[in-house]
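Sequence and predicted structure are below.
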Amino acid sequence: MQVKFKLNAEMVACDIAGHETLLAVLRDKLGVMEVKYGCGEGACGACVVLVDDTPTASCITLCASVEDSELMTVKAPDPLGVWSLLQERFAVHEAAQCGFCSPGLLASCFALVQCGEKLTRQQIREALTGHLCRCTGYQHIVDAVEEVMELWPVMS
């Protein structure tokens, strides 16, 4: 079967088998290497991409289910500078050490910022519970997201 969707603002079409996961198609057929394989069970967050603005574990999502959807990774066009600001604040706060979990975390953080609400530190932590990071202890990640949420209204 063929599936069509928008990936980082560009339409793509790909022949897939019905059982193929979105992660497998992104990495193996489309060469999207910023999406990482972690646990294969949707528990670690390394493979998170935005599907129609919703953080989605691509390792447990059938590719056929994203037909006509809009997908974004950390390499999506950034006309408003949100991805750039998140990456900059992650660097300033040392929220990414080894970097393996960063693309998935950044995707979820992007969705948090885009919602437009100022979340408490506890709400940010709860929103990121589907992500495992063995390097940072999460404090630095929460610091970075909190700062972006403070800066975001100034940017928009």
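On my side now, so go ahead.

Neighbours of G40, how many?
For G40, the neighbour count with other CB atoms under 10 Å is 14. Using the backbone N, CA and C atoms, a C-beta is placed for each residue, glycine as well.

actually L30, not the one I typed
If you count neighbours by other CB under 10 Å, L30 ends up with 12.

so who does it touch?
Counting by CB atoms under 8 Å, 6 or more residues apart in numbering, L30 touches 7, 12, 14.

how about the first one, phi and psi?
By that I understand L7. Backbone geometry at L7, expressed as degrees, to the nearest 10, gives phi -120, psi 120.

Would you check that it makes contact with G31?
No - contact status for L7 versus G31: not in contact, 10.8 Å apart, counting by CB atoms under 8 Å.

Neighbour count for those two, which is higher?
Neighbour count, other CB under 10 Å: between L7 and G31, L7 has more, with 20 against 7.

I'd like the distance between the residue nearest to V35 when sequence neighbours are not counted and Y37.
Using CB to CB, 6 or more residues apart in numbering and skipping the chain neighbours, the partner closest in space to V35 is L26 (5.0 Å). From L26 across to Y37, the span is 10 Å (CB to CB, to the nearest Å).

So which residues of this structure form helices?
Counting by DSSP state H, the chain has helices at residues 22-24, 82-92, 102-114, 121-127, 139-155.

What's the mean pLDDT across the first one?
Same thing as helix 22-24. Over the span of helix 22-24, the pLDDT mean works out to 98.

can I see the domain layout of the protein?
2-72, 82-155 (automatic domain parsing).

chain center to the longest one, what's the gap?
It refers to domain 82-155. 11 Å (CA atoms, centre = their mean, to the nearest Å).

same deal with the shortest one?
Relative to its parent chain, domain 2-72 has a centroid offset of 11 Å by CA atoms, centre = their mean.

Quick one: end-to-end length of it, please.
One end of domain 2-72 to the other measures 20 Å (CA to CA, to the nearest Å).

buried sites along the helix or strand of the chain with the lowest mean pLDDT?
Taking mean pLDDT, DSSP states H and E as the measure, the chain has helix 139-155 as its least confident helix or strand, at a mean of 86. Residues of helix 139-155 classed as buried: 140-149, 151-152 (neighbour count, 16 or more other CB atoms under 10 Å).
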